[in-house]
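[1] Sharing a model prediction with you, sequence too.
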Amino acid sequence: MSNQNFIDYVKICGKSGKGGPGSHSYFRDNLNAKGGPDGGDGGAGGSIILRGNAQFWTLLHLKFKRHVYCEDGAPGKKKHQTGKSGKNQIVEVPLGTVAKHPETFEVLGEITQDGQEIVLLKGGKGGLGNANFKSATNQTPKYAQPGEPGKEEWFILELKVLADVGLVGFPNAGKSTLLSVVSAAKPEIADYPFTTLVPNLGIVQYRQYKSFVMADIPGIIEGASEGKGLGIRFLRHIERNAALLFMIPADSEDITKEYGILLNELNSFNEELMFKDRVLAITKSDMIDDELEAALRAEIDVDCEVVFISSVSGKNIIQLKDKLWELMNKEGANSSD
């Protein structure tokens, strides 16, 4: 997934179709010069519908399609014929897409399943034909109902990547390297900060043909919740994760302090992230010997389990998978819906 092709935020304008007017008509044939009312109802206007598509990973296809218009309903016809309804516009989006109001940021709907549909803007109802207004005291009504007008509104579509495990760490913590080792994903890897500019997903193979999805997001720095670095733009991608994997290199000056900074940034963004199960992985541990590892383990003071790993040598990678699988599948796992 290239940097240019990953779009997780778009703003679109939608306009639903207006309902067709009811028909003002009377029955006429060779034998009836003055028949009763036979005006049909107008057709309903087209609606804008969001539909989940598991084959989509980004909102790129909507980047240059900012306006979605629906057809209007056709007028009713004589002989009680209902007008044709306007065609609905189906907007396909990746799983994890959230629709919001652009001013109040109210959540209007979320797409989490393949084929799931949400009506974003409902088309106007068709008007009733004059046949509907016939009564004992008014047998030839001379009026019909107009159709309801359509609606035109702006919407925000945000993508929150659906993954089981989210990787959290500072730039150059080894997140992308781990993802490339445990999955077939090929994220960009280099020896400089902010190599990862967009989220990357990888499917991690586990025991007995089981698997889970891991998400690597751009590195967090102190003050990210205030907009520093890449800010909090990508933190929403870990809101749905069942477990979080914090990653800090073994050569960090103060592992406990860095863990606290990461935790504080997540708390500033969304307090609910504090309730997610988490593991701390000390990366690049192939650079230290057993004696130094024992000393570091004694110094680390955190509120979760600590695993020393090395993506290069494969040290404790299997044990890390076991722990993550245990957290994801324990009773009452904290996954956001």
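    Received, thanks.
[2] And G86, what's its pLDDT?
    Reported pLDDT at G86 in the predicted model: 93.
[3] Checking my notes, it in a helix, right?
    No: counting by DSSP: H, G, I helix; E, B strand; the rest coil, G86 is not part of a helix but coil.
[4] Go ahead and confirm it touches I48.
    No: contact status for G86 versus I48: not in contact, 11.0 Å apart, counting by C-beta atoms under 8 Å. To be clear about C-beta, it is placed using only N, CA and C from the backbone, and glycine gets the same treatment.
[5] what touches both of the two?
    Taking C-beta atoms under 8 Å, 6 or more residues apart in numbering as the contact rule, G86 and I48 both touch C70.
[6] Identify, by residue count, the longest helix of the chain.
    Counting residues, the longest helix in the chain under DSSP state H turns out to be helix 255-269.
[7] can you list contacts of the lowest-mean-pLDDT helix or strand in the chain?
    Lowest on mean pLDDT, DSSP states H and E among the helices and strands of the chain sits strand 200-205, with a mean of 82. Contact partners of strand 200-205, identified using C-beta under 8 Å, 6+ apart, comprise 1, 57, 161, 163, 165, 176, 179-180, 182-185, 187, 211-216, 321.
[8] Note down every partner strand of that strand and its orientation.
    strand 211-216 (antiparallel) (DSSP bridges).
[9] hmm, who's touching the partner strand?
    Outside of strand 211-216, the residues within contact range by C-beta under 8 Å, 6+ apart are 161-167, 175-176, 178-179, 182-183, 185, 187, 196, 199-206, 237-238, 241, 245, 324-325, 328.
[10] Measure how far it is from the centre of its chain, please.
    16 Å (C-alpha atoms, centre = their mean, to the nearest Å).
[11] try stretch 17-26
    39 Å.
[12] First-to-last residue distance for that stretch?
    28 Å (C-alpha to C-alpha, to the nearest Å).
[13] State the mean pLDDT of that stretch.
    For stretch 17-26, the mean pLDDT works out to 91.
[14] quick one on the thing from earlier: quick check: neighbours of the helix or strand just after the longest helix of the chain in the sheet, parallel or antiparallel?
    Following helix 255-269 in sequence order, the next helix or strand is strand 277-283 (DSSP states H and E). Sheet pairing of strand 277-283 (DSSP bridges) gives strand 243-249 (parallel), strand 305-308 (parallel).
[15] among these, which is nearest P149?
    strand 243-249 (47.4 Å; C-beta to C-beta).
[16] who touches that closest one?
    Residues contacting strand 243-249 (C-beta under 8 Å, 6+ apart): 164-170, 172-175, 178, 214, 238, 255, 258-259, 262-263, 266, 273, 276-284, 304, 320, 324, 327-328, 333.
[17] pull the CA atoms of it into CSV?
    Extracted in CSV, the C-alpha atoms of strand 243-249 (Å, rounded to 0.1, in the frame of the first residue of the first chain):
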residue,chain,number,x,y,z
ALA,A,243,-4.8,-5.8,21.8
LEU,A,244,-1.9,-3.2,21.6
LEU,A,245,1.7,-4.1,21.2
PHE,A,246,4.0,-1.4,22.6
MET,A,247,7.5,-1.5,21.1
ILE,A,248,10.6,0.1,22.6
PRO,A,249,14.2,-0.6,21.5
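[18] I118 sits in which helix or strand?
    Judged by DSSP H and E, I118 forms part of strand 117-121.
[19] Output the contacting helices and strands for that strand.
    Applying 3 or more C-beta pairs under 8 Å, 6 or more residues apart in numbering; DSSP states H and E, we find strand 117-121 packed against strand 9-15, strand 48-52, strand 107-111.
[20] Make JSON lines from these and add mean neighbour count to it.
    Shown next, in JSON lines, are the helices and strands packed on strand 117-121 (neighbours: other C-beta atoms under 10 Å):
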{"stretch": "strand 9-15", "mean neighbour count": "17"}
{"stretch": "strand 48-52", "mean neighbour count": "20"}
{"stretch": "strand 107-111", "mean neighbour count": "18"}
